[in-house]
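S.K.: Predicted coordinates and the sequence they were generated for:
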Amino acid sequence: MHISVINGPNLNLLGQREPSVYGVETLESIEAKLKKKSITEGVSIEFFQSNSEGALVDQIQKFMKHTNAFLINAGAYTHTSIALRDALLSSSKPYVELHLSNTFAREEFRHKSLLADNAVGLVSGFGSNSYLLAFDGILSYLRNENSK
Ligand code: DQA
């Protein structure tokens, strides 16, 4: 089983970026926790972050060749990117959309997601824990699918 984790714009700044909204944990620390969890679960995992929409599309196209599923925090592109939506749909892989903040409790433009309707599920508002919850969610989904 293989899971690919995609992070979009400004998530490389976690830890210093608006800590009252996104917390103080860095992306490196979150990725280390996911890596540890994946080892415990016997799953392989890989990570990619970019501030650029095209680079994110390119990487989804690369990862889709071998991955079983995506976890994606597309940052602001969640609310705007038809290209990311199409890339995920083209992959035909299940994915979980995730956010550190509760996007529905924030500005109205964050209430819309171009990714959510095709996702297996959505995790939003648990800070850095959203990543670990999304990992648990996709893993139980994949295991359930495999046992059918
Ligand atoms: C975010 C929420 C988005 O609205 C925002 O643009 C981000 C981070 C989150 O994780 O809470 O960059 O995806």
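M.R.: Cool, got the structure.

S.K.: from here on, contacts and neighbour counts on C-alpha atoms
M.R.: Will do.

S.K.: which bits of this protein sit near the ligand?
M.R.: For the chain, the residues in contact with the ligand (Cα under 6 Å from any ligand atom) are 10, 73-76, 99-101, 103, 110.

S.K.: Include neighbour count when you put these into CSV, please.
M.R.: Formatted as CSV, the residues of the chain next to the ligand follow (neighbours: other Cα atoms under 10 Å):
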residue, neighbour count
Asn10, 15
Asn73, 24
Ala74, 27
Gly75, 18
Ala76, 16
His99, 23
Leu100, 19
Ser101, 18
Thr103, 17
Arg110, 16
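
S.K.: Closest one to Glu31 out of those, please.
M.R.: Using Cα to Cα, Asn73 comes nearest to Glu31 of those, at 12.6 Å.

S.K.: what sits opposite the closest one in the beta ladder?
M.R.: Counting by DSSP bridges, Asn73 is bridged to Asn7.

S.K.: now the end-to-end length of stretch 115-135.
M.R.: One end of stretch 115-135 to the other measures 17 Å (Cα to Cα, to the nearest Å).

S.K.: Right, I'll leave it there.
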